[in-house]
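K.L.:
coordinates for the following, if possible.
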Amino acid sequence: MMSCDFEIQGKLPPEAFELFAAAQALAMGLRGYISQVAEDTWKGVLQGEGKVIEAFKKFIMAAAEYVEAIREFVIKNLKDIEAYTYKTFEVQKK
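P.N.:
Coordinates of the predicted model:
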């Protein structure tokens, strides 16, 4: 199992994007959260298998090609973990 921080930047409708990202993460079996930290920036944590984290990034970026709204998706601090620290994937409000 892996854990990482992530950051997404882009001009997106906040509520719709958060629900979309959370639904995809849950469908892929990922845990963690996403939170909007600025008008065009979201940060969060992903926990799950490394290949699933990478698949989530690819999926979000593929969707971005259609809406041309996501400028960047950065994964940071990728590390092995012994156990999950999140029960599910959720949208956290500021």
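K.L.:
what about the strands in the protein?
P.N.:
With DSSP state E, the ranges of strands along the chain come out as 2-10, 31-38, 41-48, 70-80, 89-91.
K.L.:
report all helices and strands that the fourth one contacts.
P.N.:
On a contact count with 3 or more C-beta pairs under 8 Å, 6 or more residues apart in numbering; DSSP states H and E, strand 70-80 meets strand 2-10, helix 50-67. Using the backbone N, CA and C atoms, a C-beta is placed for each residue, glycine as well.
K.L.:
residues in contact with Asp80?
P.N.:
1-2 (C-beta atoms under 8 Å, 6 or more residues apart in numbering).
K.L.:
phi, psi for the residue with the largest distance to the centre of the chain please.
P.N.:
When each C-alpha in the chain is compared with the mean C-alpha position (C-alpha atoms, centre = their mean), Glu82 comes out farthest, at 20.5 Å. Reported as degrees, to the nearest 10, the phi and psi values for Glu82 are phi -80, psi -40.
K.L.:
ranking the helices and strands packed on strand 70-80 by burial, who's on top?
P.N.:
strand 2-10 (a mean of 18; mean count of other C-beta atoms under 10 Å).
K.L.:
output the strands of the chain in TSV, with distance to Phe17 and mean pLDDT appended to each entry.
P.N.:
Converted to TSV, the strands of the chain look like this (distance: least, C-beta to C-beta, whole Å; pLDDT from 0 to 100):
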stretch	distance to Phe17	mean pLDDT
strand 2-10	8	95
strand 31-38	9	96
strand 41-48	7	97
strand 70-80	9	92
strand 89-91	10	96
